[in-house]
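A.B. asks: With the sequence up front, the predicted model follows.
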Amino acid sequence: MNRYEEGLERLREVSGEAGPAVLDSLSDIAPGFARLVAEFGYADIYGRPGLNLRQRQLINVAALTAMGTAAPQLRFHADAALHVGVTPEELVEAVLHMAIYAGFPAALNGLAVVREVFAARGVVFEPPAPLEGDRYARGARLLEEVDGHAGTAVVDALADIAPDFARMIIEFSFGEIYARPGLDLKSRELATVGACVALGTARPQLRVHLHGLLNVGGTREEAVETIIQVAGYAGFPAALNGLGVAREVFGERDASQSESRDTSAATD
Amino acid sequence: MNRYEEGLERLREVSGEAGPAVLDSLSDIAPGFARLVAEFGYADIYGRPGLNLRQRQLINVAALTAMGTAAPQLRFHADAALHVGVTPEELVEAVLHMAIYAGFPAALNGLAVVREVFAARGVVFEPPAPLEGDRYARGARLLEEVDGHAGTAVVDALADIAPDFARMIIEFSFGEIYARPGLDLKSRELATVGACVALGTARPQLRVHLHGLLNVGGTREEAVETIIQVAGYAGFPAALNGLGVAREVFGERDASQSESRDTSAATD
Amino acid sequence: MNRYEEGLERLREVSGEAGPAVLDSLSDIAPGFARLVAEFGYADIYGRPGLNLRQRQLINVAALTAMGTAAPQLRFHADAALHVGVTPEELVEAVLHMAIYAGFPAALNGLAVVREVFAARGVVFEPPAPLEGDRYARGARLLEEVDGHAGTAVVDALADIAPDFARMIIEFSFGEIYARPGLDLKSRELATVGACVALGTARPQLRVHLHGLLNVGGTREEAVETIIQVAGYAGFPAALNGLGVAREVFGERDASQSESRDTSAATD
């Protein structure tokens, strides 16, 4: 099986017949490019180990929602997400999660696309029940779990200029969005890393959330694969710059662990 | 009155019945998110002091025009701008002002949305008369007024590589756009700061125009509130990175004032 | 002939009657802005030497495709590109080239616009035959030709974190896209520089490809003009920040040449 056939087979696995139909639609003007979509996008990228298809689709949905410039592709990948087993609730949550990183318009316009996909598939969606309890306490606990010291540092750094905004990060971002059921923390961090790489304007946040992904059980391989996965949707510069941040984050963690070992050796 | 009721009331104040209708439309798929829009967006953000509703709507219109990714929300906020007393001329000017910061396509596509809003409201718009006089002189005077030394420094820095482009900044950006009647200088700087925060790609310009806002009578509170206002439309990373620039700018101004005091003391 | 008449004449040269029609459509709401489009956009920018109309249109098409936020303007400039003599194949290639820098969705959505333009003009397009031979060898040769040491450095820097991604850059970006016939290397670098300036998120890549443009026969004047050309489509901050990178690149090349001269003098 050559790369094109391999890509086409994986494209069918991801999207059913929707993907091959998109490729066919390019035959009049860019058949060679259609071949590249299959070969590069699906044989080379989707064929890599390190992330499963559900994770790749959640990352795509997050990145395309955050970018806000690619509604046809968001529709395609939201549909494909359901095709590979992402639940309707996970799909909605991945889109809503982008309110934090790309703003409410991005999330609202993403929801409109998801609603179309649900209608076309006849999905009857049951929204989750409202959260109960204190959102500040809930948010502070989640911020600590995801970001550890880095999250506290972000909040502390705002004390002199916008302490209320720090409270919003805890209450809204973590207490209201991260705390929602339906999408586990690790998937939220995969989505966050994918979106920050795609936006290309959120380098400090990408750094914090690469740490966050590793803090909640993600591996370095998953982090790198998430960044590479985004190359196809936001371009190679986005991915290259994201890999640069990942290198720094991995170095920081190595240094920190080696320091712990040194301290531990010194106190032996 | 709880946060949801408070948010809903303010949403009605901002947009009439259009806002509640948007929230209702989310009931099938994301009712909890609709609640967050009211609570976070309108009780928490719009409820803050430091900017009035007209200013908040001008900032939204500027940011959404510059982003170019959220036409439905731009339509909503352009309509709401008129609802809270922004004049048709101010609305048009806030959109046109974005030609400088996000390019002509952003401004042209924003105008198309404004035209729809005018048509739906039956607004009969009378464009302003053309400017008379020398645009270079007009632009140089406004550049000095808004940016002071920083503006001159930007222009001087281009002397070795693109002196003609420096002339365009003076003649086009300041002489043709800033000089237009219908939107006062402080509002233009609020719009500029909002747009540069939302774009996330214009850090040096954000720095210059945070100084500019303070130079033309804006306060530090207004600067911080403008940045926080944008969080809902472009995401928390945009706002966090904007606050980082604001901290630097405030520090520079403190240092400069303290230096003036030292010099003044030394020469007493 | 005043600036407005000069701009209008050049707008006709670029776009036929399509451009004046756009300006007329603004008469109800922003006639002064229509005048600025003609004066600033077409008298000031298009009137500059250093790039011909075909090059300017290729750069516009690349930048607008990469931005993904301005479909009406992309349609206008794709049509104008054909009007000034860009071939259908060059137009398709400039759009496809953006898959590297802005992702597949940007390229696919750009192709959809080009297809509309072809249909409206009755263009019957014959896609090029598939490339033959080893894409890795082809890509490595082109990477060396375009980027020289800088390209190798980018690839080497990935060895520790994502060596497979470095292979993809060689095989996909250079072996599959740069290698396609129908758009010469210098035009590809003009398109790349224009897109990286417009995106505003690809500073390291802008640096590499400003070198690349100069490496494949572009001049410093063409580099500067490309950046200034983008000001109208992505805003002045994008262009100003691009000029800052150009200044660094020119300085590096001056230093490197002066070093060569010193070494050469020392060994005389």
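C.D. replies: Nice, I can see it. None of these values were measured; they are calculated from a predicted model. Numbers count the residues shown, from 1 in each chain, chains lettered A, B, ... in the order given.
A.B. asks: Which of the helices or strands spans the nearest residue to residue A:15 once chain neighbours are set aside?
C.D. replies: On the basis of Cβ to Cβ, 6 or more residues apart in numbering or on different chains, the spatially nearest residue to residue A:15 that is not a chain neighbour turns out to be residue A:80, at 4.2 Å. In short, each C-beta sits where N, CA and C put it, glycine included. Using DSSP states H and E, residue A:80 sits within helix A:71-83.
A.B. asks: How about the helix or strand just after that helix and chain C, any contact?
C.D. replies: Using DSSP H and E, the helix or strand that follows helix A:71-83 in sequence is helix A:88-102. No: on the criterion Cβ under 8 Å from any Cβ of the partner chain, helix A:88-102 is out of touch with chain C, staying 13.5 Å away.
A.B. asks: Neighbours of the residue in the stretch 101-250 of chain A that chain C sits nearest to, how many?
C.D. replies: Closest residue of the stretch 101-250 of chain A to chain C, Cβ to the nearest Cβ: residue A:200 (3.1 Å). Residues contacting residue A:200 under the criterion other Cβ atoms under 10 Å in any protein chain shown number 24.
A.B. asks: For residue A:235, which residues are in contact?
C.D. replies: Residues counted as contacts of residue A:235 (Cβ atoms under 8 Å, 6 or more residues apart in numbering or on different chains) are C:66, C:98-103, C:106, C:199, C:202.
A.B. asks: Return only those of the residues you listed found close to chain A.
C.D. replies: Within those, those near chain A by Cβ under 8 Å from any Cβ are C:66, C:98-103, C:106, C:199, C:202.
A.B. asks: Could you give me the PyMOL syntax to select whichever of the residues you listed are buried?
C.D. replies: A single PyMOL command selects the buried members of the ones next to chain A among the contacts of residue A:235 (16 or more other Cβ atoms under 10 Å in any protein chain shown):
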select buried, chain C and resi 66+98+99+100+101+102+103+106+199+202
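A.B. asks: Same list, the ones next to chain A among the contacts of residue A:235, but as CSV with distance to chain B and pLDDT please.
C.D. replies: Below are the ones next to chain A among the contacts of residue A:235 laid out as CSV (distance: Cβ to the nearest Cβ, whole Å; pLDDT from 0 to 100):
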residue, distance to chain B, pLDDT
C:66, 12, 96
C:98, 16, 95
C:99, 20, 93
C:100, 19, 94
C:101, 14, 95
C:102, 14, 95
C:103, 14, 93
C:106, 13, 94
C:199, 8, 95
C:202, 10, 94
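A.B. asks: closest to residue C:175 among the ones next to chain A among the contacts of residue A:235?
C.D. replies: residue C:100 (11.5 Å; Cβ to Cβ).
A.B. asks: May I ask you to confirm that the closest one is in contact with residue C:175?
C.D. replies: No: with contacts counted by Cβ atoms under 8 Å, residue C:100 stays clear of residue C:175, the gap being 11.5 Å.
A.B. asks: how is chain A carved up into domains?
C.D. replies: Per the record, chain A has its domains at A:1-46, A:134-179, by automatic domain parsing.
A.B. asks: Redo those as a markdown table? Include distance to residue B:165, mean neighbour count and mean pLDDT.
C.D. replies: Output for the domains of chain A, formatted as a markdown table (distance: least, Cβ to Cβ, whole Å; neighbours: other Cβ atoms under 10 Å in any protein chain shown; pLDDT from 0 to 100):
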| stretch | distance to residue B:165 | mean neighbour count | mean pLDDT |
| --- | --- | --- | --- |
| domain A:1-46 | 35 | 18 | 92 |
| domain A:134-179 | 33 | 18 | 91 |
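A.B. asks: Show me which residues of the stretch 1-150 of chain A are close to chain C?
C.D. replies: A:22, A:26, A:28-33, A:35-37, A:39-41, A:44, A:48, A:64, A:67, A:69-70, A:72-73.
A.B. asks: ok, and of the residues you listed, which contact chain B?
C.D. replies: Near chain B, judged by Cβ under 8 Å from any Cβ, the entries from those are A:67, A:69.
A.B. asks: Give me the nearest residue to residue A:61, chain neighbours excluded.
C.D. replies: Nearest residue to residue A:61 in three dimensions, chain neighbours excluded: residue A:94, at 4.9 Å (Cβ to Cβ, 6+ apart).
A.B. asks: And for the one you found, the neighbour number?
C.D. replies: Neighbour tally, residue A:94, other Cβ under 10 Å: 30.
A.B. asks: That one and residue A:195: what is the separation?
C.D. replies: 9 Å (Cβ to Cβ, to the nearest Å).
A.B. asks: With residue A:8 instead?
C.D. replies: 28 Å.
A.B. asks: just residue A:135 next, same as before
C.D. replies: From residue A:135 across to residue A:195, the span is 23 Å (Cβ to Cβ).
A.B. asks: Contacts only, for the residue in the stretch 101-250 of chain A positioned nearest to chain B.
C.D. replies: The stretch 101-250 of chain A approaches chain B most closely through residue A:201 (3.0 Å), counting by Cβ to the nearest Cβ. Contact analysis of residue A:201 by Cβ under 8 Å, 6+ apart lists B:199-201, B:237-238, B:241, C:201.
A.B. asks: can you rerun that using 6 Å?
C.D. replies: By Cβ atoms under 6 Å, 6 or more residues apart in numbering or on different chains, the residues touching residue A:201 are B:200-201, C:201.
A.B. asks: taking these one by one, which sit in helices?
C.D. replies: With helices defined by DSSP state H, no entry of the contacts of residue A:201 lies inside them.
A.B. asks: Including pLDDT and distance to residue C:153, could these go into CSV?
C.D. replies: Shown next, in CSV, are the contacts of residue A:201 (pLDDT from 0 to 100; distance: Cβ to Cβ, whole Å):
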residue, pLDDT, distance to residue C:153
B:200, 95, 27
B:201, 94, 25
C:201, 94, 20
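A.B. asks: pLDDT score for the residue nearest to residue A:15?
C.D. replies: On pLDDT, residue A:80 comes in at 98.
A.B. asks: tally of neighbours for it?
C.D. replies: The local packing of residue A:80 (other Cβ under 10 Å) involves 23 other residues.
A.B. asks: For it, which residues are in contact?
C.D. replies: Applying Cβ under 6 Å, 6+ apart to residue A:80 gives the contacts A:14-15, A:57.
A.B. asks: Contact partners for residue A:33?
C.D. replies: Residue A:33 makes contacts with residue C:96, as judged by Cβ under 6 Å, 6+ apart.
A.B. asks: Let me see the ranges of the strands in chain A.
C.D. replies: Using DSSP state E, chain A contains no strands.
A.B. asks: List the residues that contact the closest residue to residue A:38 other than its chain neighbours.
C.D. replies: Nearest residue to residue A:38, sequence neighbours excluded (Cβ to Cβ, 6+ apart): residue A:7, at 3.4 Å. Shown in contact with residue A:7 (Cβ under 6 Å, 6+ apart): A:38-39, A:42-43.
A.B. asks: so residue A:162 makes contact with residue B:226?
C.D. replies: No: taking Cβ atoms under 6 Å as the definition, residue A:162 is not a contact partner of residue B:226, at 11.3 Å.
A.B. asks: near chain B, which residues of the stretch 1-150 of chain A show up?
C.D. replies: Residues of the stretch 1-150 of chain A lying near chain B by Cβ under 6 Å from any Cβ of the partner chain: A:68-69, A:96, A:100-105, A:111, A:115, A:125, A:127, A:130.
A.B. asks: filter these to the buried ones?
C.D. replies: Among those, those classed as buried by 16+ other Cβ under 10 Å are A:68-69, A:96, A:100-105, A:111, A:115, A:127.
A.B. asks: I'd say the residue nearest to residue A:61 and residue A:191 touch.
C.D. replies: Yes: Residue A:94 is in contact with residue A:191 according to Cβ under 6 Å; the separation is 5.1 Å.
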